[in-house]
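Asker: I need the structure of the sequence given here:
(2 chains)
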Amino acid sequence: MERQLRIIQKNTVEILPEKELIKKLESSLKEKKPLRVKYGIDPTGAEIHLGHTVPIRKLKDFQNLGHKIIFLVGDFTATIGDPTGRNETRPILSQKQIEGNLLGYQEQIGKILDLKKTEFRHNSEWLAKLKLEELLRLASNFTIARILERDDFFLRYKSGKPIFMQEFLYPLMQGYDSVILNSDIEVGATEQKFNLLAGRTLQEALGKEPQVIITMPILEGTDGIRKMSKSFHNYIGINEKPEEIYGKLMSIPDSLMEKYFHLLTELSEIEISEFLKIPLLAKKRLAHSIVKSYYGKERAERAEKHFETIFQKRKVPEEMPVLKLKKSDFKEGKIWIIKLLSLSELVTSHSDARRLILQKTVSLNGEIITNPDLEIEPKEEAILKVGKRRFIKIKVK
RNA sequence: GGGUAGGUACCGAAACGGUUAAACGGAGCAGACUGUAAAUCUGCCGGCGAUGCCUUUGGAGGUUCGAAUCCUCCCCUGCCCA
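Answerer: Numbering: from 1, shown residues only, chains lettered A, B, ... in the order given. The predicted model follows:
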């Protein structure tokens, strides 16, 4: 019991109310009945990133302690868009987009949780059938003033930004999920606090035992300022290539290292404080450790080597994508450098290619190209480099 | 429904008849530097085989030699009144 509590408390921001958690743990132990721990995700993006893994790792703790994880995919609510953490309305996703995003979720989550012991549910199962009458009954448990208490609503309201009715209903629906799922505990990031509490309100109103809520810290993204999110382009997806994950982790501000260690690795206090004495080493350990947890030791080592080769030694990596050129790509045996760059997808447009050439960042076999009108004679194999981290091997058929 | 203020590039935000692909900030990209893809400094940041051409300031029309800027209608948002 004491041990369970200590594990659960680690890294959390708040447990509300803690007394109820203790009570629930006690009766769970006595009756040998696992607690139902809910976690919901908005399938708006197909990728799980390290920010999501913070609460998911907490679920792992619960799973290890023998409790039941209920992983809720908010497919229905995603069609509405949770306003959390955004100061604007989220685009409404189509059912098709959501279905597309669902694919691959389990696979990614399986890297952390034991899927066999995890119950996956979709909230369209009950929300799609909810009658207006029932919705009204649920809505009568909240007042506008209370919903408006929510930080992001309040800020938006104050600054004159639109809030739509369906957004107002979001916490309600999330709370209703808890009613249906009979959750004992719901885990979420701190920004979810209001929604999590709505679950308590509704469970109580409908004569059920209210869930305990556990909030987890929000992980800042690679910019070190804003929370990790796809829309801020500061995220590290767990499905990204090991080299990418490693590199992105190396780019986080030093000040964030300690937090990342605590929230994303298994390393102990002592180990962490020891590592932090030497910043570069610490960051490499961090990157290595995280890559390893998703891809294994071998890939982590390869990613580390890749980083050292490119950024520390400034050399060309061993492996890189290959572009095969066909005869039809050539004109009189030659190919225009800008066309080549465009075919390689190392640039976003011809103008982009031209700019990069003029900035002297494009090289072919180590030779810097300065003339954007250059026509290249085909060789059998060549290495095209843009900037210091974009490479492609060119092969002529 | 009435009144009023607005809608500018990825985001925020100037310009309010012409020297404007549109100030400035952030994001992004590149370079220098560095233990680092950090910090800092510098350059770039609509498209096009390009000293020129094409498409852009919610949408559709119109006025004008010339429109993000003026007019008409429509769409969207804030606030106030009902």
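
Asker: Quick one: low-confidence residue ranges for chain A.
Answerer: Applying pLDDT under 70 to chain A flags the ranges A:44-46, A:79-103.

Asker: just the strands in the stretch 251-397 of chain A please.
Answerer: Remark: strands assigned in the stretch 251-397 of chain A by DSSP state E, counting those that start in this stretch are A:322-325, A:335-336, A:362-364, A:367-368, A:375-376, A:381-386, A:390-396.

Asker: Which one, of those strands, ends up nearest to RNA strand B?
Answerer: Minimum separation from RNA strand B across the strands of the stretch 251-397 of chain A (C-beta to the nearest atom of the strand) falls at strand A:335-336, 3.3 Å. Where C-beta positions appear, they are placed from N, C-alpha and C, glycine not excepted.

Asker: Reformat the strands of the stretch 251-397 of chain A as CSV; add distance to RNA strand B and mean neighbour count.
Answerer: Output for the strands of the stretch 251-397 of chain A, formatted as CSV (distance: least, C-beta to the nearest atom of the strand, whole Å; neighbours: other C-beta atoms under 10 Å):
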stretch, distance to RNA strand B, mean neighbour count
strand A:322-325, 14, 14
strand A:335-336, 3, 19
strand A:362-364, 9, 20
strand A:367-368, 10, 10
strand A:375-376, 6, 16
strand A:381-386, 7, 18
strand A:390-396, 6, 18
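
Asker: Including distance to A:Lys284, could the ones you listed go into CSV?
Answerer: Listed next are those as CSV, based on distance: least, C-beta to C-beta, whole Å:
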stretch, distance to A:Lys284
strand A:322-325, 29
strand A:335-336, 40
strand A:362-364, 27
strand A:367-368, 30
strand A:375-376, 38
strand A:381-386, 24
strand A:390-396, 22
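
Asker: you'd agree A:Leu115 is up against A:Ile109?
Answerer: Yes. Using C-beta atoms under 8 Å, A:Leu115 is in contact with A:Ile109, at 7.2 Å.

Asker: Between those two, which has more neighbouring residues?
Answerer: A:Ile109 (22 against 15; other C-beta atoms under 10 Å).

Asker: ok, now how distant is that one from A:Leu181?
Answerer: A:Ile109 sits 17 Å away from A:Leu181, taking C-beta to C-beta, to the nearest Å as the criterion.

Asker: Quick one: residues contacting the residue of the stretch 101-250 of chain A found nearest RNA strand B.
Answerer: Nearest to RNA strand B, among the residues of the stretch 101-250 of chain A, is A:Gly247, at 1.8 Å (C-beta to the nearest atom of the strand). Residues near A:Gly247 by C-beta atoms under 8 Å, 6 or more residues apart in numbering: A:Ala287, A:Ala303, A:Phe307, A:Phe311, A:Arg389.

Asker: give me the subset of those residues touching RNA strand B.
Answerer: Among the contacts of A:Gly247, the residues lying close to RNA strand B (C-beta under 7 Å from any atom of the strand) are A:Phe307, A:Phe311, A:Arg389.

Asker: Relative to A:Pro17, tell me which of the strands of the stretch 251-397 of chain A wins on proximity.
Answerer: strand A:390-396 (52.5 Å; C-beta to C-beta).

Asker: The closest one: how far from the chain's middle?
Answerer: Here the centre of strand A:390-396 is set off from its chain's centre by 31 Å, with C-alpha atoms, centre = their mean, to the nearest Å.

Asker: what angle sits between that strand and strand A:381-386?
Answerer: Orientation of strand A:390-396 against strand A:381-386 (axes from the mean of the first three to the mean of the last three C-alpha atoms, to 10 degrees) gives an angle of 150 degrees.

Asker: ok, now how distant is A:Gln4 from RNA strand B?
Answerer: 37 Å (C-beta to the nearest atom of the strand, to the nearest Å).

Asker: Please identify which helix or strand holds that residue.
Answerer: Per DSSP states H and E, A:Gln4 falls inside helix A:2-9.

Asker: and that helix, which residues are buried?
Answerer: A:Gln4, A:Ile8 (16 or more other C-beta atoms under 10 Å).

Asker: Could you do stretch A:338-349 as well?
Answerer: So for stretch A:338-349, counting by 16+ other C-beta under 10 Å, buried means A:Ile338, A:Lys339, A:Leu340, A:Leu341, A:Ser342, A:Leu343, A:Ser344, A:Leu346, A:Val347.

Asker: ditto for stretch A:239-252
Answerer: Going by 16+ other C-beta under 10 Å, stretch A:239-252 has these buried residues: A:Glu240, A:Pro242, A:Glu243, A:Ile245, A:Tyr246, A:Gly247, A:Lys248, A:Leu249, A:Met250, A:Ile252.

Asker: Out of these, which sit inside helices?
Answerer: Among the buried residues of stretch A:239-252, the ones falling in helices (DSSP state H) are A:Pro242, A:Glu243, A:Ile245, A:Tyr246, A:Gly247, A:Lys248, A:Leu249, A:Met250.

Asker: Contacts only, for the fourth one.
Answerer: Taking C-beta under 8 Å, 6+ apart, we find A:Tyr246 in contact with A:Ala287, A:His288, A:Val291, A:Ala300, A:Ala303, A:Glu304, A:His306, A:Phe307.

Asker: so which pair among the residues you listed is furthest apart in space?
Answerer: Among those, A:His288 and A:His306 lie farthest apart (C-beta to C-beta), at 11.9 Å.

Asker: Mind listing what's buried along stretch A:194-210?
Answerer: For stretch A:194-210, a neighbour-count test (16+ other C-beta under 10 Å) marks A:Phe194, A:Asn195, A:Leu196, A:Leu197, A:Ala198, A:Gly199, A:Arg200, A:Thr201, A:Leu202, A:Gln203, A:Ala205, A:Pro210 as buried.

Asker: same deal with stretch A:13-31?
Answerer: Within stretch A:13-31, the residues that count as buried by 16+ other C-beta under 10 Å are A:Ile15, A:Leu16, A:Glu20, A:Leu21, A:Ile22, A:Lys24, A:Leu25, A:Ser28.
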